[in-house]
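In: I need the structure of the sequence given here:
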Amino acid sequence: DHYNAMGYENTQSNRAEFKIDHLIPLCAGGSNEMSNLWPQHKTIYQQTDPLEPLLCTKMQDGVLKQSHAVELILRAKHNLRLVGSVMRELESL
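Out: Predicted coordinates:
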């Protein structure tokens, strides 16, 4: 499946440790289409979930454009080492 093709192994994991996540949050223009949904392990969503409300708030406040929001969330979700820097960038806006 797509998740495994991205390098995330999920075949030997407990289903209860996963949730279905919007890769691009709905508030940032994401959809409920299959191409925007992915299984996210708790070790990932525990790190990336705090970004989403801040990202949405910054967009609502008019200090973050939608295109930049998508870039930031994808950067963090595709490389967990960057979550901290993305959070700091959002907090600085």
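
In: Show me which helix runs longest in the chain.
Out: The residue-count maximum for a helix in the chain (DSSP state H) belongs to helix 66-78.

In: buried sites along that one?
Out: 68-70, 72-73, 76-77 (16 or more other Cβ atoms under 10 Å). The C-beta positions use only the backbone N, C-alpha and C, and glycine is treated the same way.

In: Including pLDDT, could the residues you listed go into CSV?
Out: Shown next, in CSV, are the buried residues of helix 66-78 (pLDDT from 0 to 100):
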residue, pLDDT
His68, 98
Ala69, 98
Val70, 98
Leu72, 98
Ile73, 97
Ala76, 96
Lys77, 94
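
In: What is the nearest of those to Phe18?
Out: Nearest to Phe18 among these is Lys77, at 14.4 Å by Cβ to Cβ.

In: mind listing the strands in this protein by residue range?
Out: 18-22, 37-41 (DSSP state E).

In: in this structure, which spans are helices?
Out: Taking DSSP H as the test, the helices found in the chain are 2-5, 42-48, 51-60, 66-78, 83-92.

In: List just the one of these that sits closest to Met34.
Out: Taking Cβ to Cβ, helix 2-5 is the member of those nearest to Met34, at 8.7 Å.

In: any low-confidence regions in this protein?
Out: By pLDDT under 70, the low-scoring segments of the chain are 1-13.

In: if I look at His41, how far off is Val70?
Out: 22 Å (Cβ to Cβ, to the nearest Å).

In: Now for the residue nearest to Gln60 when sequence neighbours are not counted: which residues touch it?
Out: Nearest non-adjacent residue to Gln60, counting by Cβ to Cβ, 6 or more residues apart in numbering: Cys27, 8.0 Å away. By Cβ atoms under 8 Å, 6 or more residues apart in numbering, the contact list for Cys27 reads 52, 55-56, 59-60.

In: Format the residues you listed as CSV; extra columns: distance to Glu89 and neighbour count.
Out: Shown next, in CSV, are the contacts of Cys27 (distance: Cβ to Cβ, whole Å; neighbours: other Cβ atoms under 10 Å):
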residue, distance to Glu89, neighbour count
Glu52, 14, 20
Leu55, 10, 24
Cys56, 15, 16
Met59, 14, 19
Gln60, 17, 10
